[in-house]
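Chemist: Using only what follows, build the 3D model:
(one chain, ligands or ions: 1)
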Amino acid sequence: MSATAKKQAPNAEDIRARKGGTPLVSLTAYTTPMARLMDAHCDFVLVGDSVGMVLHGLTSTLSVTMEMMILHGQAVSRGLDKAMLVIDMPFASYEESPQQAFRNAARLMSETGCAAVKLEGGVEMAETIRFLVKRGIPVMAHIGLTPQSINTLGGYKVQGREEQAEAVLADARAVAEAGAFSVVLEKVPQVLADKITAEVAIPTIGIGASAGCDGQILVVDDMLGFFTAFKPKFVKRYADLGPLAEAAIAEYAAEVRARSFPAAEHVFADQAPSKG
Ligand code: KIV
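Modeler: From the prediction side, this is the model:
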């Protein structure tokens, strides 16, 4: 599939210019119908590598592949006109070298039409961010809790408490200075998130961070109540659709077993055969 620029959607520079303004609104999406539902309401939509856990039943994001991101990226792209499309670079697609990152980021852009990529990491990824941005690839950074590093972070813990705060601040400064157009702050204490937001010149996008961030993002299946394996503290359930869907499925199953579905209005009655 070739890239199709969304004419009405904001681009990375439009998002950058929203620093300090009305908060940026973002959700994740993985399918066309869900992207259509959020298109008019979000400034940007992220095809997160959370797709691995949310839709594919994986226990972490570590085995998400480029092929998965491209397939879901193409699906979401078809559902968006107004919102900007950002796609996560999956684990092991960018950490090796700036050149590897460029090859895979360029592939995500050319095969999905996304306007930017997101990658995890701070100081250690600054060189790669600079390399990509200089070569025409807008980068959203992601610091604090970076789920692709759970094995070295020791789990899904808050990042930046006490003596860790300086390191997270250094990450924020490094990615902003390297040219990222915005930065996701995941599971960062509120005071630190506010400090970073005040200090860096690019929009901060909070998830488990602070209402003072320049924008917010949530995983759509979390906020709609479809993903119920666990619920992080920072998730607000705006709807509880999982139990509703299960009740509907149970009702269908009972009706099929009772032969009350399909009813007369759901079947195509033949004309009575004419005589002679
Ligand atoms: O993969 C994802 O969904 C994300 C968001 C939670 C920021 O990175």
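
Chemist: just for this protein, where's the confidence low?
Modeler: For the chain, the stretches with pLDDT under 70 are 1-7, 272-276.

Chemist: per-domain residue ranges of it.
Modeler: With domains defined by automatic domain parsing, the chain comprises 12-238, 241-269.

Chemist: Is the longest one in proximity to the ligand?
Modeler: Yes. Domain 12-238 is in contact with the ligand by C-beta under 6 Å from any ligand atom, via Thr28, Leu46, Gly48, Asp49, Ser50, Asp88, His142, Val184, Ile207, Ile217, Val219. C-beta: built from backbone N, CA, C; applies to glycine.

Chemist: Tell me the one of these nearest the ligand?
Modeler: Comparing these against the ligand with C-beta to the nearest ligand atom places Gly48 closest, at 2.3 Å.

Chemist: What count of nearby residues applies to the closest one?
Modeler: 28 (other C-beta atoms under 10 Å).

Chemist: Same check on the one 5 residues further on?
Modeler: Using other C-beta under 10 Å, Met53 has 20 neighbouring residues.

Chemist: quick revisit: so of the domains of the chain, which one's packed in deepest?
Modeler: domain 12-238 (a mean of 20; mean count of other C-beta atoms under 10 Å).

Chemist: Can you give me the end-to-end span of that domain?
Modeler: One end of domain 12-238 sits 28 Å from the other (C-alpha to C-alpha, to the nearest Å).

Chemist: just how off-centre is it within its chain?
Modeler: Computed by C-alpha atoms, centre = their mean, to the nearest Å, the separation of domain 12-238 from the middle of its chain amounts to 6 Å.

Chemist: remind me, longest helix of the chain?
Modeler: Once the chain is assigned using DSSP state H, the helix that runs over the most residues is helix 241-257.

Chemist: For it, what is the distance to the chain centroid?
Modeler: On C-alpha atoms, centre = their mean, the centre of helix 241-257 falls 29 Å from that of its chain.

Chemist: List the contacts of that helix.
Modeler: Applying C-beta atoms under 8 Å, 6 or more residues apart in numbering, the set of residues contacting helix 241-257 from outside is Leu224, Gly225, Phe226, Phe227, Thr228, Phe261.

Chemist: Let me know the closest of those residues to Val168.
Modeler: Checking the contacts of helix 241-257 against Val168 with C-beta to C-beta, the nearest one is Phe227 at 26.5 Å.

Chemist: three-state assignment of that closest one?
Modeler: Three-state assignment for Phe227 (DSSP: H, G, I helix; E, B strand; the rest coil): coil.

Chemist: So what does it look like in phi/psi?
Modeler: Dihedral pair for Phe227: phi -100, psi 110, per degrees, to the nearest 10.

Chemist: And Gly160, how far from Lys231?
Modeler: The spacing between Gly160 and Lys231, counted by C-beta to C-beta, to the nearest Å, is 22 Å.

Chemist: likewise Gly215?
Modeler: Counting by C-beta to C-beta, the gap from Gly215 to Lys231 is 22 Å.

Chemist: next one: Gln74
Modeler: Counting by C-beta to C-beta, the gap between Gln74 and Lys231 amounts to 30 Å.

Chemist: surely Asp222 meets Val235?
Modeler: Yes. The criterion here is C-beta atoms under 8 Å, and Asp222 meets it with Val235 at 4.4 Å.

Chemist: Leu85 falls within a strand, correct?
Modeler: Yes. Secondary structure of Leu85 (three-state DSSP): part of a strand.

Chemist: nearest spatial neighbour of it, skipping sequence neighbours?
Modeler: Cys114 (4.4 Å; C-beta to C-beta, 6 or more residues apart in numbering).

Chemist: from memory that neighbour sits against Gly73, does it?
Modeler: Yes. The pair formed by Cys114 and Gly73 meets the contact definition of C-beta under 8 Å, at 5.8 Å.

Chemist: quick one: common contacting residues for the two?
Modeler: Taking C-beta under 8 Å, 6+ apart as the contact definition, Cys114 and Gly73 share the neighbouring residues Val47, Leu85, Ile87, Leu108.
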